[in-house]
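Asker: Here's a sequence, model it:
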Amino acid sequence: MNLDLGKLITERSNAASMELDRLSTLEMCAVINSEDKKVALAVESCLPEISQAVDMIHAAVKKGGRLLYVGAGTSGRLGILDASECPPTYGVSPELVKGIIAGGRTAITDAVEGAEDSTTDPIVDLTAININARDVVVGIAASGRTPYVVAALEHARHNVYCHTISLSCNPDSLISQYADIAITPVVGPEVITGSSRMKAGTAQKLVLNMLSTCLMIKLGKVYGNLMVDVVPTNIKLFERQIRIVTSATGCTRLFAEQKLKEAGRNCKQAIVMIARHCDAKEALMQLNKWEGSTRLAIADGVNE
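Answerer: Residues are numbered from 1 along each chain as shown. I've put the predicted structure just below:
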């Protein structure tokens with residue numbers, strides 16, 4: 001593999017930060033902030049590809065597939081972060097969205113030297129979670145050439161016959177060659193040369209946010225802009241459930257608490273109960289009929 005890093009945009013020197021160590025603290029912050037402003041625009045240019053990726057993932061999940069993030073270092077940690085937030089926020093199984101990082105669990109908090117260079121470990125790691133053709137694999141690598149990620153995408157696409165997506169910050173990257181859809185927010189050289197945890201990492205985080213969030217919306221986990229499948233695992237989320245039900249229906253806090261109790265702390269069920277003036281059993285029946293869509297469960301037959 002060609003290791004001429006100078007050809008990678010993410011490895012080039014940034015003219016705006018050439019004298020960074022001579023600046024005041026405020027000036028340093030201003031340079032970083034100025035560069036960070038470019039990230040959202042880079043991601044905006046990728047919206048068509050991101051949209052296509054969401055639709056691909058949604059179609060796969062509807063058929064029993066999973067969303068699998070694969071990365072090394074910062075990229076791997078970002079995938080794990082996004083995956084780990086889905087169960088408590090949207091009430092989905094931890095198996096639906098999974099993050100896989102070179103070096104395993106140790107690499108989440110500590111660098112595992114050489115892990116990103118392995119081309120056999122990703123095959124072992126994907127096999128361990130029973131990857132199958134219904135899954136979608138998203139390979140994340142700022143450089144676009146990380147061997148672990150390249151091998152993961154190649155295996156997923158050519159041996160397992162999965163759909164694959166690449167997320168890189170360098171155009172015409174190697175990982176894009178193994179992807180059905182290539183998402184490439186080109187953020188330019190980093191403030192600290194080669195430190196792709198900065199702008200590139202921010203861009204990756206924004207894209208992953210969109211992939212998982214839009215997937216959950218399409219799966220009926222959101223009503224309006226409310227996370228109606230939130231799992232109340234702590235006091236804050238218990239309170240959030242009450243606020244969600246009152247916001248969605250306009251009812252009082254006391255009434256929301258009553259309906260949540262009747263619904264077994266299920267926000268969607270409580271909302272449908274209130275909106276349709278029905279009991280928990282009918283609300284659940286409506287939600288099952290419309291595959292968990294709160295809006296369709298409420299609207300069904302109301303105006304007939």
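Asker: quick one: the residue lying closest to His158 once chain neighbours are set aside and Tyr148, what's the gap?
Answerer: Nearest non-adjacent residue to His158, counting by CB to CB, 6 or more residues apart in numbering: Tyr178, 7.8 Å away. For every residue, glycine as well, the C-beta is placed using N, CA and C. Distance of Tyr178 to Tyr148, computed by CB to CB, to the nearest Å: 13 Å.
Asker: With neighbour numbers in mind, choose between the two.
Answerer: Taking other CB atoms under 10 Å, Tyr178 and Tyr148 do not tie; Tyr148 has more neighbours (29 against 23).
Asker: Look up which helix or strand the more buried one falls in, please.
Answerer: Tyr148 belongs to helix 147-155 when assigned by DSSP states H and E.
Asker: Would you mind identifying the next helix or strand past that helix?
Answerer: Trace forward from helix 147-155 with DSSP H and E and the next one is strand 163-167.
Asker: circling back to that earlier point, quick one, what contacts the residue nearest to His158?
Answerer: 139, 150, 153-154, 156-158, 164, 166 (CB atoms under 8 Å, 6 or more residues apart in numbering).
Asker: Distance-wise, check it relative to Pro94.
Answerer: In terms of CB to CB, Tyr178 sits 27 Å off from Pro94.
Asker: Can you pull out the residues in contact with stretch 95-110?
Answerer: 61, 66-73, 76-77, 79-84, 86, 111-112, 115-116, 118, 121-122, 125-126, 129, 146, 148-149, 152, 212, 215.
Asker: List only buried entries from those.
Answerer: Burial by neighbour count, 16 or more other CB atoms under 10 Å: within those this picks out 61, 66-73, 76-77, 79-80, 82-83, 86, 112, 115-116, 118, 121-122, 125-126, 146, 148-149, 152, 212, 215.
Asker: What residues of stretch 224-237 count as buried?
Answerer: 226-232, 237.
Asker: What strand or helix carries Tyr69?
Answerer: strand 67-71.
Asker: list the helices and strands that strand packs on?
Answerer: helix 47-62, helix 73-90, strand 97-101, helix 121-128, strand 136-140, helix 147-155, helix 199-218 (3 or more CB pairs under 8 Å, 6 or more residues apart in numbering; DSSP states H and E).
Asker: low pLDDT regions in the stretch 1-150 of the chain?
Answerer: Within the stretch 1-150 of the chain, the stretches with pLDDT under 70 are 1-6.
Asker: now the stretch 201-304 of the chain
Answerer: The stretch 201-304 of the chain contains residues with pLDDT under 70 at 301-304.
Asker: List the buried residues of the helix or strand harbouring Glu35.
Answerer: Assigned by DSSP H and E, Glu35 belongs to helix 25-44. Buried residues in helix 25-44, counting neighbours by 16+ other CB under 10 Å, are found at 31-32, 35, 38-39, 42-43.
Asker: what does it rub up against?
Answerer: 14, 16-17, 20, 23, 50, 169, 185-188, 190-191, 198-199, 202-203, 206-207.
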